[in-house]
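> Any chance you can model this:
(4 chains)
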Amino acid sequence: MEKKKIIEFKGIRKVFPGVVALKGFDLAIYEKEILGLVGENGAGKSTLMKIMTGNYQPDGGQFLLRGQPIVLGGSMEAIEHGIGMVFQEGSILPNLTVTENLFLCHEKEFSKGWFISESAMVAEARKALEENGLDINPTTLCGNLSPAQRQMVEITRLLWLSRLYRHENPILILDEPTTVLLEKEIKTLFEILNRIKEHATVILISHRLEEIIENSDRIVVLKDGDYVTEMPGKAADIFKIEQLMVGRDMVEGYYRRNEQVDPTDTVVLEVKDLAIESILEPISFTLHKGEILALVGLIGSGKEELVKCLGGSMQATQGSIYRNGKRISIKQPKHAIAHAIGYIPIDRRIEGLATDLDIADNINMLVYKKLKSRGFINKRKERDNANHWMGVVKVKATSHRMKCGNLSGGNQQKVVLGKWLSADAEILIVDHPTRGIDVGAKDEIYHHIRQLAKQGKSMIIMCDTLEEDIGLCNRMLILKDGKKVNEVSCPPDAKPAPTDIIESIV
Amino acid sequence: MQKDGIGKQPAIKRIKGRVAGLPAISYALGMLVLFIVIFAVGSATFLTRYNMLTIGNSAAILLAVAMGQVFAILTGGIDLSVGGIMSLVSVVLMKTLEPLGFWAYWLSLAVGIAAGFLNGLINSRFRIPSFITTLGSNGIFMSIAYMISIKPLSAPSSSFGVLDIVNGTTLGIRNIMLLGVLIFMLFFVIQRYTITGRNIMLLGSNEKMSWLSGVDIFKVRTIAFTLSGFGAALAGVMLASNLYSGYPTLGTVYILNSIASVVIGGTAMTGGAGGVLNTLVGVMVMSVINNGMNIIGIDVYAQQSFLGVLVIIAVAISFDRSKLSVIK
Amino acid sequence: MKKRGLLIIALAMLVLVTPLFAQGGKEAAASPTTLSIAIRTLTNPYQANYKVGADMLGELEGLPVVTLTCEGSSEKQLNDVRALVAKTNGNVVFMIDPNESPNVIPLARELDAAGVYWVSWWNKPEDVKVWDYKNWVSHISFDGISAGEFTAETLFKSFGYEGKIIALQGLLSNSIAQDRFVGLQNILKKHPKVQMVAFEAADWDRTIAYEKTRNMLVAHPDIKGIWAANDNMALGALEALRAVGRAGQVLVTGVDGTTEIYEAIKKGEAAATVYNDSTYQAGIGLAIALAAKNGELDVAKMPKDQRQFFAEATNVDINNVDEIMKGASSYDFENLFASFSRPMN
Amino acid sequence: MKTKNSRSLENISTLRSKVSASAVGKLYHSIPISGQIISLGIVALIFSLGTNGQFLHISNIMTVLGLSAIPMILCLAVHQVIILGAMDLSLEGIVAITAVSAGLLLKNSVTANDVGLWIIPIVMLIGGLAGLVNGLLNTKLRMPSFISTLGMSWTLFGVAIMISKGSSIPLRDLRFQKVIISEFLGIPTVFILAILLGLVLYIMQNKTKLGKHMYAIGGNEILAKQAGVKVDRIKISIFGLTGMIYGLAGLLLVARLNSSAARYGNNLLFPAMTAVAVGGVSLSGGVGGALNAVIGTIIVVALNNGLVLMQINPYMQSAVNGIVLISAVALTIDRNKIGIIK
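Numbers count the residues shown, from 1 in each chain, chains lettered A, B, ... in the order given. Sure thing, here's the model as predicted:
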């Protein structure tokens, strides 16, 4: 199918002091396609996006929009030219209504004289939402929407804007759109994106290659600020792409399967008839020393709530938990920690790290008691402990006093891991360990998980994809609608096929 | 890689870059030195021993309040009740000085700590913003002080001996200054070398994470406000001893002054950054400005304006913007 | 990080400690004595007139004048006094209106140590005696009780000693406020048919007095008079009466003697005030201290009546308001104890 | 996503969800200031019991409304800045400087000036300029507003003292006081003025671009900027507008007392802040509006009125105020909207 080029980069080049972010390459983006853009952190994806949205100006080469060379001065100018970006962290204001968010800064379209016509705004909002097949009340506060709904509102906003500026073919850039979404919501998102594709170009950036492959028409691989190759979507091979991104063969097979060990017979945690009113029906299971247990299920299956009960950030309404055979009660996270149960949350920046503080502060926060001498925290012990665990989990940083906010996602995750290891957590609940992390770092995280299991730590994991779950775990627990429906064993040599499992999930 | 880039920059830019890279406290310190130089040039008497002792004396009291205040601010809150606590403590001290002698000090400190604890409790247990909690409790503490004594209480001359423990001098330095140094060291150690201090920093920078990591946020918040009450109590005791008196409006002026000192030192009002060391410098800046204005003879009508302008300049220079994306 | 912190502390300490061991830079010994008044604020005409009196004496004697205001902070007052003693190397005399009465103790001890002569006005705890200190020349006050008594008496007379009144107190913790209120209560006892139905504290402030009076007038619309502990509050109460259309029918009284209240007295809206001449207070206070400094007064040999005493205040009502408004044509700062009214125990 | 909230928040939110399910709950939630109305009701109930109904007598209600006018105008001013998520402590300084200017420019007994009605634009200009400086310090110099406005307050208060030499200036122009005292249909005119101002601000907040953007900034400044909101310009204009309203309040204060002095600015800030908080405007920004400011002020003024009527000992009034402030906020604060309590 012959498509028109909508964006063209010619020898595009961007240099930062000391670093060449884009080495000068050609790339064309076509009308009415979904383009998947993949690459490791630092490969140049975000620099390229920022040139498109006018936040950076290229140092060399040309950026052609609809055939015309153009230099954009900022995101507003980009929007006026029909280029909109949905940011990873979202840009919806929680204290405004959907309508107000949709038309923020374009209220004048609805004003009569000095005043804005609220009813005209709501009507237009309803129309715009319906066009994208969204069932959202335009007068609700965005703070009450789910993350997915907020993202949809954002997309609706961008589409509405490009129409406002009379662009038949808007360009929509989505940076890690699925990070905050649940499986079902992701499905809806891509349904909508596929519908939008009929009259727009969508550029997709994600670390989740599966969804890129599944949804993109074309995949472009970047590495070290340079164009590597491109391939049609759908048919692409995930391992192939990863190799291209990392630039070397993925070592020793994926998910480090060969490092998997069999768990011992010792039961470290036993859950008996644990239930949460109207969310989770009574569930019982055991966790062995050195075992990796995956919890699998859709949203609403109750798995998220289940681990929250174990981590102490939520309370079960009935049932009991036994640790090494002794009954324990977990009412708050500190109780879980007291029983050496650690919870590594999905949202690192909000729940896992103090990004304003340095690495040492973050790694040591649970173990200050151990770092005391004569009643006071000892700076030397503090430094040694931080450096020790930084070494163990291989955090790449100049010093233990580096601010965590300045680390990459992978390194941040390693700091969180280091923090719990330092606290001697026997049982780790790992909520989406590899979310938002690039391929190279992912592999390291897998390695750490394996090493921990070998050392006798037990883990409950919930992963981004079913493949990852299967690949990592010794055993998986499948939940559906608040009930345990199946338990599948996953020995290294006889991993079940994802298709078999999906049947029981859905 | 970075080196190459910098090497090409002109000298002025390089210096600018270096200056920008300094921690906020060095700006505050630089400003302190600047003010001292200005006042010293303005009046030959500024740098005399007697005047330094005077500055030290007032700095010690402000330091004690500000040391407490900074813990409240580090958690992201604010303590507007330090004035009420100081007043209440001063009244309690004067009332009990004669029967209890030296023990009156301990009683007064206990009252202040209890008051701070109450703030913490209301703030953390009932989840009421500290601005409201402490604004309200300030009035309550003042009323209690009024109930104890409507009249200003003066120290009975029989107990001057006890008060002179605070007012006396050791090796030519006022005891109150030595007390100030001790208080600084105490709070410095609490912030840097105790688990509570670390937890306060954690709480201020990320509350949710702190809770998930097993920090008892209720307890830590309560402790932070208790420490603030403790600082205010110390200041109340020092001030009351200094003035040989106690009355229900004694501490009022210290509310805004303590907050201003904390911010001038470079601690962010949003919490989690800055701390005791910064506040020491902030307190010094405030005390030096207050004293220097009189020393160099600023017209009394203009002093209030002069102070306001200097505070604005001080914060414009010393405030640490690097950690904040939003200035509110 | 640690090293840098220590360095910073060391630097800060160094900056502050160095001068401690340096000898104070002595200014030329021949410089003239500074006259200084340490008062509360300049935001109130009564207090502001202190400055007028001090400047007047300064001009007369050809000496520099420094005004220190503490804006309600006792500690600032003490430190400002200290700072000025430092600045002048002790070549200074003070007239001080202490922020709160007990503050005279640290001031007395501090100035005794520095050998600086001073006179205080208004506030002093009863059990603190001036003669216990060698440099505290005199303490002078106006009699708050008699002021309260005079204004109350005049007010009651205006409505024939029968009816309800309301009262506005000054800052609660202030001893002058309490003295004047005692005066009011004394007169209330004398006239049992006069009833004080409500009283509020309005902190010497006109705005607060306005609001409190408005509220009290709702509960007690039938009052015959409003007693206030100073003019400012009386004027606030007067505006409140105006707002409900009763100015002139219900009279107010104050203390201080401001132009505004004189005009109200003339218009028949206020009954009385007591004129405390702060211009004179500052001038005579400084003159006494200066005399002690110059050796004209031997403090140790002064009779107790001159060390602490009540000064004559001028009671003002409709009869003498015109005369008072003309103002003092000149002030006599030569006769140091001319204003003596009665001794203070 | 209730589960993400911490423990005690969950208890409250379950309670809340139970309440909201009922019909009464729906009504409660459909009115933005229902919590505050209930608070006012409780205050009224207690005081009418304590004063044998005198509290609810029409003359007292009118007194309360009349007295609430100036604090209401101040609260309406300061709450705008608080919606932005910033803080404005310059209230007392700006009121002082405008009060003194008004005193010196109107017909008075100290100077020979008489600008007459021109005083209205003049005080608004002075206040507006001061507010503009606040805004510039906050946006262009990137200073936290808490401290920059505190410095401004000190500075302006000092200037007010300097130009008035600390004395009060009696007015000779009685027109303004007449307006203040007058009534319209039995309601104090000045209260109607304050309500009109509230209405204007309400319309501005809900019907104009400036208003919408103001809330966007209060919600999240960075995101608002990303969306194209001209953050600096709006912040500066709101600070300026707030200053203008302070100026107006300064003039009214002068008119009410028929004289002017720098100290008229004293003791106004904390009552205004209390009204803001009691009215339910979130101190962290983005939540609440003119309606909240109006009801908050009425609660605070009614409270002070009731304390006087009930003859509560003056020594105890600050304690009662404190307790009521804390409990009113405890009852009405919507902890879900505010998020982390600091």
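
> Centre-most residue in the chain?
Using chain A. Residue closest to the average C-alpha location in chain A (CA atoms, centre = their mean): residue A:179, at 3.1 Å.

> ah, I was thinking of chain D
residue D:75 (0.5 Å).

> Check chain B too.
With distances taken as CA atoms, centre = their mean, residue B:66 lies nearest the centre of chain B, 0.9 Å away.

> what's the distance between that one and chain A?
22 Å (CB to the nearest CB, to the nearest Å). To be clear about C-beta, it is placed using only N, CA and C from the backbone, and glycine gets the same treatment.

> Just after the strand or helix carrying that residue, pick out the following helix or strand.
Per DSSP states H and E, residue B:66 falls inside helix B:49-74. Counting by DSSP H and E, the element after helix B:49-74 in chain order, helix or strand, is helix B:82-100.

> do that next one and chain D meet?
No: Helix B:82-100 stays clear of chain D (CB under 8 Å from any CB of the partner chain), getting no nearer than 8.6 Å.

> Report all helices and strands that the helix or strand just after that helix contacts.
For helix B:82-100, the following helix or strand on the C-terminal side (DSSP H and E) is helix B:103-125. Helices and strands touching helix B:103-125, by 3 or more CB pairs under 8 Å, 6 or more residues apart in numbering or on different chains; DSSP states H and E, are helix B:82-100, helix B:130-148, helix B:217-243.

> Any residue of the longest one touching chain C?
To tie it back to what came earlier, the one meant is helix B:217-243. Yes: using CB under 8 Å from any CB, helix B:217-243 reaches chain C at B:239, B:242, B:243.

> Now pLDDT and neighbour count too, for those residues, in JSON lines please.
Shown next, in JSON lines, are these (pLDDT from 0 to 100; neighbours: other CB atoms under 10 Å in any protein chain shown):
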{"residue": "B:239", "pLDDT": "89", "neighbour count": "31"}
{"residue": "B:242", "pLDDT": "84", "neighbour count": "24"}
{"residue": "B:243", "pLDDT": "84", "neighbour count": "30"}
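
> So which of these is the closest to residue A:74?
residue B:239 (54.0 Å; CB to CB).

> Residue A:222 belongs to a strand, doesn't it?
Yes: when DSSP: H, G, I helix; E, B strand; the rest coil is applied, residue A:222 is found to be in a strand.

> got a list of what it touches?
A:37, A:38, A:39, A:43, A:44, A:45, A:48, A:228 (CB atoms under 8 Å, 6 or more residues apart in numbering or on different chains).

> okay, who's weakest in those by pLDDT?
Scanning these for pLDDT, the low point is residue A:43. It has 78.

> Skipping adjacent residues, who's closest to that residue in space?
Spatial nearest neighbour of residue A:43, excluding adjacent residues (CB to CB, 6 or more residues apart in numbering or on different chains): residue A:222 at 4.3 Å.

> hang on, residue D:159 is in a strand, isn't it?
No: counting by three-state DSSP, residue D:159 falls outside a strand, being helix.

> so which helix or strand takes in the closest residue to it other than its chain neighbours?
Nearest residue to residue D:159, sequence neighbours excluded (CB to CB, 6+ apart): residue B:305, at 5.4 Å. Element membership for residue B:305, per DSSP H and E: helix B:300-318.

> could you say what helices and strands that helix packs with?
Applying 3+ CB pairs under 8 Å, 6+ apart, we find helix B:300-318 packed against helix B:24-42, helix B:254-264, helix B:276-295, strand C:65-69, helix D:145-164.

> Could you list every helix and strand in contact with the shortest one?
Meaning strand C:65-69. helix B:300-318, strand C:34-39, helix C:45-61, helix C:74-88.

> From the chain's centroid, how far away is that strand?
Remark: strand C:65-69 is offset 15 Å from the chain centroid, using CA atoms, centre = their mean, to the nearest Å.

> which residues sit against it?
Contacts of strand C:65-69 (CB under 8 Å, 6+ apart): B:294, B:297, B:300, B:303, C:34-42, C:47, C:50-51, C:54-55, C:57-58, C:77, C:80-81, C:84, C:92.

> which of the residues you listed count as buried?
B:294, B:300, B:303, C:34-42, C:47, C:50-51, C:54-55, C:57-58, C:77, C:80-81, C:84, C:92 (16 or more other CB atoms under 10 Å in any protein chain shown).

> Which single residue in chain D comes nearest to chain C?
With CB to the nearest CB as the measure, residue D:166 is the residue of chain D nearest to chain C, at 3.5 Å.

> list the contacts for that residue?
Per CB under 8 Å, 6+ apart, neighbours of residue D:166: B:301, C:41, C:42, C:43, C:44, C:45, C:47, C:48, D:261, D:262.

> so what's it scoring on pLDDT?
Model confidence at residue D:166, given as pLDDT, is 72.

> Roughly how far does it sit from residue C:48?
Going from residue D:166 to residue C:48 by CB to CB, to the nearest Å gives 4 Å.

> What of residue C:331?
According to CB to CB, residue C:331 and residue C:48 sit 16 Å apart.

> repeat for residue A:434
73 Å.

> and these two? which has more neighbours close in?
Between residue A:434 and residue C:48, counted using other CB atoms under 10 Å in any protein chain shown, residue A:434 has the larger neighbour count: 26 against 23.

> what residues are up against the nearest residue to that one once chain neighbours are set aside?
Leaving aside its sequence neighbours, residue A:434 sits nearest to residue A:442 (CB to CB, 6+ apart; 4.6 Å). Residue A:442 sits next to A:207, A:410, A:434 when contact means CB under 8 Å, 6+ apart.

> does residue A:442 belong to a helix or a strand, and which?
With DSSP H and E as criterion, residue A:442 is part of helix A:439-454.

> Ok, residue A:366 next?
Applying DSSP H and E, one finds residue A:366 in no helix or strand.

> Help me confirm that residue A:416 comes into contact with residue A:348.
Yes: between residue A:416 and residue A:348 a contact is recorded at 6.0 Å, counting by CB atoms under 8 Å.

> which non-adjacent residue is nearest the residue in the stretch 151-300 of chain C positioned nearest to chain B?
Chain B sits closest to residue C:173 of the stretch 151-300 of chain C, with a gap of 4.6 Å, by CB to the nearest CB. The shortest distance from residue C:173 to any non-neighbouring residue, by CB to CB, 6+ apart, is to residue B:247 (4.6 Å).

> and that neighbour, what pLDDT?
So, for residue B:247, pLDDT stands at 84.

> Pull the contacting residues for it.
Neighbours of residue B:247 in contact, by CB under 8 Å, 6+ apart: B:87, B:90, B:91, B:145, B:149, B:151, B:152, B:153, C:100, C:102, C:173.

> on that earlier part again, give the next helix or strand downstream of the helix holding residue A:442.
That would be, after helix A:439-454 and using DSSP H and E, strand A:458-462.

> between that following strand and helix A:439-454, how many degrees?
Put simply, strand A:458-462 runs at 140 degrees to helix A:439-454, going by axes from the mean of the first three to the mean of the last three CA atoms, to 10 degrees.
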